[in-house]
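Chemist: Could you look at this predicted model? Sequence included:
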Amino acid sequence: MKLFFLSLWSDDPRPLFGLGANSGIHFWTLCIEEQFYLIYPLILLGTPPKWRFRVLIGLLLASIGFRLMMRLYLPSSSYGLLLPVCGEYLIWGSLFAYAETKAKFKNISPPLLFYSGLFLTLLLFIFKKPVVPVELLACYPSNTQTLLEIGFALIILGLWKRDNFLPAKWLSFRPFSYLGKISYGLYLIHFFTWGLGWWFKEKIQIVSMVPAILLRFILTVSLAMLSWHLYEAPINNLKKRFQLKKQRSTGGAIVDA
């Protein structure tokens, strides 16, 4: 939200992304997640089950409409960083998850879902050239954003429904699955390793011979591993102390098991 308001008083939005590698500017996505996970459950709790699909469709249309309105009236602002715009990605995921619980995809093979999404995504990247620099794509969503989101959702759904076809097996390769395990740390840390990498190159002669991109990769993975094993995993293990009560249904009534 702060970046959006800053962009309203800037003729050139590039300075927003020139705050330096230590700015933590990429944390805006965590703010979006926090807002979504606070608001979305309240919407579901306040919606009767039979109306939830309609509510999701309504949220989806509202998000698309808001994006088009911002594109029309505030095209130079960083409106793509706002929840009502980029939240469309999360809504599509929620919509596909809801449809999956209702067995809407049971007659569609997971590989077909995956390859359809992959084909659509590649098609958009090949034939739809961005009109802004890559680092600003999040600020100024393309008019094909909805199609891109559908492609991503199909890819994830296909992988989630079946793990025994080639792409899923390839992604299940242990080094890749481990990177997935520490991916949260990878994301949090990666922006900060530019400055750290240059510091190492200046201070240690042998390190100066390592290509910057390789050094950044090594630092990012190493720090994410430390974060996982020393901080994230111990916190995750605390969940074992909280046992959820299982429930069983008895003729329409639900009682504790």
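Modeler: Now that the structure is in, tell me what you want to look at. Note that the structure is predicted; figures quoted are calculated from it, not measured.

Chemist: Does anything pack onto the longest helix anywhere in the chain? Which helices or strands?
Modeler: In the chain, assigned by DSSP state H, the helix with the most residues is helix 52-73. Applying 3 or more C-beta pairs under 8 Å, 6 or more residues apart in numbering; DSSP states H and E, one finds that helix 52-73 contacts helix 28-45, helix 83-101. Where you see a C-beta, it was placed from the backbone N, CA and C, and this is true even at glycine.

Chemist: Of these, flag the one that's most buried.
Modeler: Neighbour counts (mean count of other C-beta atoms under 10 Å) averaged over each of the helices and strands packed on helix 52-73 peak at helix 83-101, with a mean of 18.

Chemist: buried sites along the next helix or strand after that one?
Modeler: Going down the chain from helix 83-101, the next helix or strand is helix 110-127, by DSSP states H and E. Neighbour-count burial for helix 110-127 flags 110-111, 113-118, 120-121, 124 (criterion: 16 or more other C-beta atoms under 10 Å).

Chemist: Helix 110-127 versus helix 83-101: what angle between them?
Modeler: When axes from the mean of the first three to the mean of the last three C-alpha atoms, to 10 degrees is applied, the directions of helix 110-127 and helix 83-101 differ by 150 degrees.

Chemist: just checking, what packs against helix 110-127?
Modeler: helix 145-161.

Chemist: Give me the below-cutoff pLDDT ranges for the stretch 51-200 of the chain.
Modeler: 133-135 (pLDDT under 70).

Chemist: mind running it again at 90?
Modeler: 74-78, 81, 97-111, 125-144, 159-173, 190-200 (pLDDT under 90).

Chemist: picking that back up, pull the longest helix of the chain out as CSV, backbone CA atoms only.
Modeler: This file holds the C-alpha atoms of helix 52-73, laid out as CSV (Å, rounded to 0.1, in the frame of the first residue of the first chain):
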residue,chain,number,x,y,z
ARG,A,52,-19.7,-19.8,-1.6
PHE,A,53,-19.1,-20.5,-5.3
ARG,A,54,-21.2,-17.4,-6.2
VAL,A,55,-19.2,-15.3,-3.7
LEU,A,56,-15.9,-16.5,-5.3
ILE,A,57,-17.1,-15.6,-8.7
GLY,A,58,-18.2,-12.2,-7.4
LEU,A,59,-14.8,-11.6,-5.8
LEU,A,60,-13.1,-12.6,-9.1
LEU,A,61,-15.2,-10.3,-11.2
ALA,A,62,-14.7,-7.5,-8.7
SER,A,63,-10.9,-8.0,-8.8
ILE,A,64,-10.9,-7.9,-12.6
GLY,A,65,-13.1,-4.8,-12.7
PHE,A,66,-10.9,-3.0,-10.1
ARG,A,67,-7.8,-3.8,-12.2
LEU,A,68,-9.5,-2.4,-15.4
MET,A,69,-10.7,0.7,-13.5
MET,A,70,-7.2,1.4,-12.1
ARG,A,71,-5.7,0.8,-15.6
LEU,A,72,-8.1,3.4,-17.0
TYR,A,73,-7.9,6.1,-14.3
